[in-house]
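Asker: predicted coordinates and the sequence they were generated for:
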Amino acid sequence: MSASLLRRGLELLELPGRAKAPPGLQRGQAGRRAAGAARRRKRAPEPGTNKATVKGRVVKSVIEEYHKKKPVNHLRENLQYMLKGRLVADKAVTEKVLAQNRGRKSKDQPPEKTEKKKPEGTVFTEEDFRKFEREYFGVP
């Protein structure tokens, strides 16, 4: 956010009884240059700390560093979390979601499931056929 936008926002939030600062006190170009110079100015080294000496340094254990950076297996925690909430969605809803996520190309569509036709059985029994034969053909 630029400084001018920030100033405008502060002016909007300013109380109505309070007056603006006189123009001489507002920061101009000189203020910006001074702030930039302060950022660029190198901090003077403190006399108490000398990086070249070993005194005062803490020796880090390589084994401790290895254990800190060792990857942690979260499988058991994740499984407990996943098994904790057993909410099974309705099959129609899941089919809708899967259909929306599928592509429109024919290669993305699943093969159509053909329903297995049950062999059509007859309503008549063997006794009915025998009775029919006797009545129409006269077979005893």
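Answerer: Received the coordinates, thanks. Residues are numbered from 1 along each chain as shown.
Asker: and residue 87, what pLDDT?
Answerer: Confidence at residue 87, expressed as pLDDT, is 76.
Asker: over to residue 74?
Answerer: Looking at residue 74, its pLDDT reads 92.
Asker: got the CA positions of the helix or strand that contains residue 12 in PDB?
Answerer: In this structure, residue 12 sits in helix 3-13 according to DSSP states H and E. Included here for helix 3-13 are C-alpha records, laid out as PDB according to Å, rounded to 0.1, in the frame of the first residue of the first chain:
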ATOM      1  CA  ALA A   3       2.100   6.100   1.600                       C
ATOM      2  CA  SER A   4      -0.400   8.500  -0.100                       C
ATOM      3  CA  LEU A   5      -3.200   5.900   0.100                       C
ATOM      4  CA  LEU A   6      -2.400   5.400   3.800                       C
ATOM      5  CA  ARG A   7      -2.400   9.100   4.400                       C
ATOM      6  CA  ARG A   8      -5.800   9.400   2.700                       C
ATOM      7  CA  GLY A   9      -7.200   6.600   4.800                       C
ATOM      8  CA  LEU A  10      -6.000   8.200   8.000                       C
ATOM      9  CA  GLU A  11      -7.500  11.500   7.000                       C
ATOM     10  CA  LEU A  12     -10.900   9.800   6.600                       C
ATOM     11  CA  LEU A  13     -10.600   8.200  10.000                       C
END
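Asker: what average pLDDT does that helix get?
Answerer: Summarised as a single mean, pLDDT over helix 3-13 is 79.
Asker: what strand or helix carries residue 89?
Answerer: Residue 89 is part of no helix or strand, with elements assigned from DSSP H and E.
Asker: near it, how many other residues are there?
Answerer: Using other Cβ atoms under 10 Å, residue 89 is surrounded by 8 other residues. In this view, the C-beta of every residue, glycine as well, is placed from N, C-alpha and C.
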